[in-house]
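A.B. asks: have a look; sequence and predicted model below, questions after that.
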Amino acid sequence: MAPEQASALLSQIRELATALGFQQLAVTDIDLSAYQGHLDAWLARNFHGEMDYMARHRDLRLHPEDLHPGTIRVLSVRMDYSLNAEQSLTPLKNRERAYISRYARGRDYHKLIRKRLQQLAERITDLAGPIGYRAFVDSAPVLERALAEKAGLGWIGKNTMLLNKKAGSWFFLGELFTDLPLPVDEPVSGHCGSCTACLDICPTQAFVGANQLDARRCISYLTIELKGSIPEALRSAIGNRVFGCDDCQLICPWNKFSQLSEEKDFAPRHGLDNADLSELFLWSEDTFMRNTEGSAIRRTGYEGWLRNLAVGLGNAPSTIPVLTALQSRQQHPSALVREHVAWALQQHEQRKPKV
């Protein structure tokens with residue numbers, strides 16, 4: 001393909017991406033050697049915790065051409081997901097309400113974006129003829145933020161999130177691996193400067209330095225990835241965050257430029273943007289499965305959901321609904337749930353005024 005033809009095709013591809021609801025599409029090559037040292041150092045310090053797949057598939061992450069043979073370019077896309085312009089930590093102060101990370105309040109983004117990427121690939125095929133491709137949305141060993149940074153969608157900030165000058169960080173990423181010889185885009189420079197707001201705000205002090213996240217202390221890891229007991233030393237700091245954590249994004253100055261999403265599927269369901277901890281804790285397993293159908297929250301499983309809520313209830317005020325909810329699960333069949341309920345009730349007992 002001649003350079004001018006490739007450039008014209010890329011312009012058409014960008015138009016197709018916009019029509020499919022992506023806010024931006026950029027192209028990079030597959031050389032990720034510049035990121036190898038950072039990944040290896042992170043793994044060597046065991047910052048990935050129980051996420052064994054991070055180490056197990058290390059080579060595939062660094063070599064996209066091995067993950068999908070024939071790949072020479074990666075089309076990196078982003079899609080805004082926030083439906084709330086407020087950049088406030090205020091919801092975290094109402095300790096009787098559950099805080100669920102913004103990205104997980106609506107339908108699971110994986111399926112939606114993967115479907116759009118598939119549609120994009122099919123329309124590219126209509127333009128360019130048969131191509132080799134494979135779509136990814138956080139579903140395989142892909143260094144998506146590294147690829148997005150190389151493509152120029154933003155820079156990896158001190159909180160390890162991808163930041164964009166015009167869109168902040170409230171967006172999802174997706175990738176289309178392809179054998180199309182498209183021109184590559186240029187990376188952008190970083191603009192965090194001397195700001196350390198994200199590092200300073202972290203409730204569990206999970207950042208050991210700029211762009212250095214110890215996942216074992218991260219609330220998103222503790223409430224989603226970790227399958228066993230949450231370390232007692234970190235439970236109080238979790239507060240009312242029961243699925244993920246947005247603190248380092250809520251405090252980021254660049255998010256004042258974030259754009260609101262028009263995707264209806266990302267809208268909160270079942271009141272998950274403003275629900276009481278005690279109400280959610282009383283969901284039966286059937287209710288949980290029904291209300292989280294097509295939701296990222298399913299990742300925790302029902303047992304993990306109750307574990308997280310028990311911690312939140314332990315950090316909540318000692319009201320009748322809070323205590324009643326906890327007492328109702330004292331004999332739960334799961335030892336994991338019982339352990340966290342016992343801890344929560346102990347917190348309330350310790351806060352009782354001394355007579």
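C.D. replies: Thanks, I have it. From a predicted model like this one, the values you see are computed outputs, not experimental measurements. Residues are numbered from 1 along each chain as shown.
A.B. asks: then the one helix or strand Arg145 maps to to PDB, C-alphas only?
C.D. replies: Applying DSSP states H and E as the criterion places Arg145 in helix 144-151. Only the C-alpha atoms of helix 144-151 are listed here, as PDB (Å, rounded to 0.1, in the frame of the first residue of the first chain):
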ATOM      1  CA  GLU A 144      -3.200  -1.300  26.700                       C
ATOM      2  CA  ARG A 145      -2.000   1.900  28.400                       C
ATOM      3  CA  ALA A 146       1.500   1.500  27.000                       C
ATOM      4  CA  LEU A 147       0.000   1.100  23.500                       C
ATOM      5  CA  ALA A 148      -2.400   4.000  24.000                       C
ATOM      6  CA  GLU A 149       0.500   6.200  25.200                       C
ATOM      7  CA  LYS A 150       2.700   5.200  22.200                       C
ATOM      8  CA  ALA A 151      -0.200   6.000  19.900                       C
END
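A.B. asks: how does the protein divide into domains?
C.D. replies: Domains of the chain are assigned by automatic domain parsing as 3-83+105-178, 197-350.
A.B. asks: let's have those in CSV, adding distance to Arg95, mean pLDDT and mean neighbour count.
C.D. replies: The way it works is simple: take the backbone N, C-alpha and C, and place the C-beta from them, glycine included. Output for these, formatted as CSV (distance: least, Cβ to Cβ, whole Å; pLDDT from 0 to 100; neighbours: other Cβ atoms under 10 Å):
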stretch, distance to Arg95, mean pLDDT, mean neighbour count
domain 3-83+105-178, 19, 96, 18
domain 197-350, 5, 97, 18
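A.B. asks: the ones you listed: which one's closest to Pro91?
C.D. replies: Smallest distance to Pro91 across the domains of the chain (Cβ to Cβ): 8.1 Å, for domain 197-350.
A.B. asks: rewinding a little: same for the helix holding Arg145, what does it pack against?
C.D. replies: Other helices and strands packing on helix 144-151, by 3 or more Cβ pairs under 8 Å, 6 or more residues apart in numbering; DSSP states H and E, are strand 24-28, strand 73-80, strand 155-156, strand 162-163, strand 171-178.
A.B. asks: got the ones you listed as CSV, with distance to Arg217 columns?
C.D. replies: Shown next, in CSV, are these (distance: least, Cβ to Cβ, whole Å):
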stretch, distance to Arg217
strand 24-28, 31
strand 73-80, 27
strand 155-156, 19
strand 162-163, 21
strand 171-178, 24
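A.B. asks: mind checking which of these is nearest Asn46?
C.D. replies: Closest approach to Asn46 among the helices and strands packed on helix 144-151 (Cβ to Cβ): strand 155-156, 20.9 Å.
A.B. asks: partner strands of that closest one and their direction?
C.D. replies: Paired strands of strand 155-156, with direction, are strand 162-163 (antiparallel) (DSSP bridges).
A.B. asks: what's near enough to touch Gly106?
C.D. replies: Counting by Cβ atoms under 8 Å, 6 or more residues apart in numbering, Gly106 touches 81, 265-269, 295.
A.B. asks: with Phe257 instead?
C.D. replies: Contact analysis of Phe257 by Cβ under 8 Å, 6+ apart lists 164-168.
A.B. asks: how about 7 Å then?
C.D. replies: Counting by Cβ atoms under 7 Å, 6 or more residues apart in numbering, Phe257 touches 165-168.
A.B. asks: surely Ser229 and Leu336 touch.
C.D. replies: Yes: using Cβ atoms under 7 Å, Ser229 makes contact with Leu336 at a distance of 6.4 Å.
A.B. asks: what's the overlap in contacts for these two?
C.D. replies: Here Ser229 and Leu336 have no joint contacts, going by Cβ under 7 Å, 6+ apart.
A.B. asks: can you show me the strands along the stretch 101-250 of the chain?
C.D. replies: For the stretch 101-250 of the chain, the strands defined by DSSP state E, counting those that start in this stretch cover 133-136, 155-156, 162-163, 171-178, 207-209, 212-213, 241-243.
A.B. asks: save the ones you listed as a markdown table, and put in distance to Pro69 too.
C.D. replies: Listed next are the strands of the stretch 101-250 of the chain as a markdown table, based on distance: least, Cβ to Cβ, whole Å:
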| stretch | distance to Pro69 |
| --- | --- |
| strand 133-136 | 10 |
| strand 155-156 | 27 |
| strand 162-163 | 27 |
| strand 171-178 | 10 |
| strand 207-209 | 37 |
| strand 212-213 | 32 |
| strand 241-243 | 37 |
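A.B. asks: which stretch among those strands comes nearest Ala344?
C.D. replies: Ala344 sits nearest to strand 241-243 of all the strands of the stretch 101-250 of the chain, at 12.4 Å, using Cβ to Cβ.
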